[in-house]
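Engineer: Following is a predicted model, sequence given first.
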Amino acid sequence: MRRLGVWADEFTLSLVIRACAFTGRSRLCKNVHSHVIQMGFQYHLHVVNEFIGIYALNYDCDGACEIYNRMELDGLEPNPVTWTSLLSSHARCGRNEKTMELFDMMRIRGTEATAEVLAVVLSVCADMALVDKGKKIHIVFVLMLTWPYYLWVSLFFK
């Protein structure tokens, strides 16, 4: 694209970032990250969410948190995609206590949880043998979520 003189927008860059994440080449990911900053797209929520995902897929939870912390300084409001990426990255890295901390922070900040978040958090509860906490979280979600979401989660865990 660059060679042809075509400039990317935040949606194109989000796809490029996601593709880099799946290569597993952290150096390439960091180069793309630098390029995005040079182009001034680090203030777009889609781009920031993809960067959290990049670091998460490469088992770099600290990098994911660093980007999340930078969001607030840049005036971006985390959305459910942001939280799902953060929670799943920490769960994938085995940082179960931090995952639960982030879940509590998400709830305190008023972000509505999704079925994907429920799947991550219940999995972490199971890993930590927090059966009672998992049951409480499940009950709250069943009461809050609409029926199709609940069906998806219940089928996922069978």
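Structural biologist: It's in. Residues are numbered from 1 along each chain as shown.

Engineer: List the buried residues for stretch 5-18?
Structural biologist: Within stretch 5-18, the residues scored as buried using 16 or more other C-beta atoms under 10 Å are 8, 10, 13-14, 16-17. The way it works is simple: take the backbone N, C-alpha and C, and place the C-beta from them, glycine included.

Engineer: Nearest to residue 49 among the residues you listed?
Structural biologist: residue 14 (7.7 Å; C-beta to C-beta).

Engineer: Let's verify residue 94: helix, strand, or coil?
Structural biologist: Recorded secondary structure, residue 94: coil (DSSP: H, G, I helix; E, B strand; the rest coil).

Engineer: Helix or strand for residue 38, just tell me which one.
Structural biologist: helix 26-39 (DSSP states H and E).

Engineer: which residues sit against that helix?
Structural biologist: 7-8, 13, 16-17, 20-21, 23, 42, 47, 51, 54-55, 58, 60 (C-beta atoms under 8 Å, 6 or more residues apart in numbering).

Engineer: quick one: the helices in the chain?
Structural biologist: 10-23, 26-39, 45-57, 61-73, 80-92, 96-108, 115-127, 131-144, 147-156 (DSSP state H).

Engineer: now these in CSV, with distance to residue 3 and mean pLDDT?
Structural biologist: Below are those laid out as CSV (distance: least, C-beta to C-beta, whole Å; pLDDT from 0 to 100):
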stretch, distance to residue 3, mean pLDDT
helix 10-23, 14, 81
helix 26-39, 14, 83
helix 45-57, 22, 85
helix 61-73, 29, 87
helix 80-92, 31, 90
helix 96-108, 41, 92
helix 115-127, 37, 88
helix 131-144, 48, 76
helix 147-156, 43, 54
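
Engineer: Grab the most central residue of the chain for me.
Structural biologist: residue 85 (1.1 Å; C-alpha atoms, centre = their mean).

Engineer: That one: what's it in contact with?
Structural biologist: Per C-beta under 8 Å, 6+ apart, neighbours of residue 85: 49, 52-53, 56, 64.
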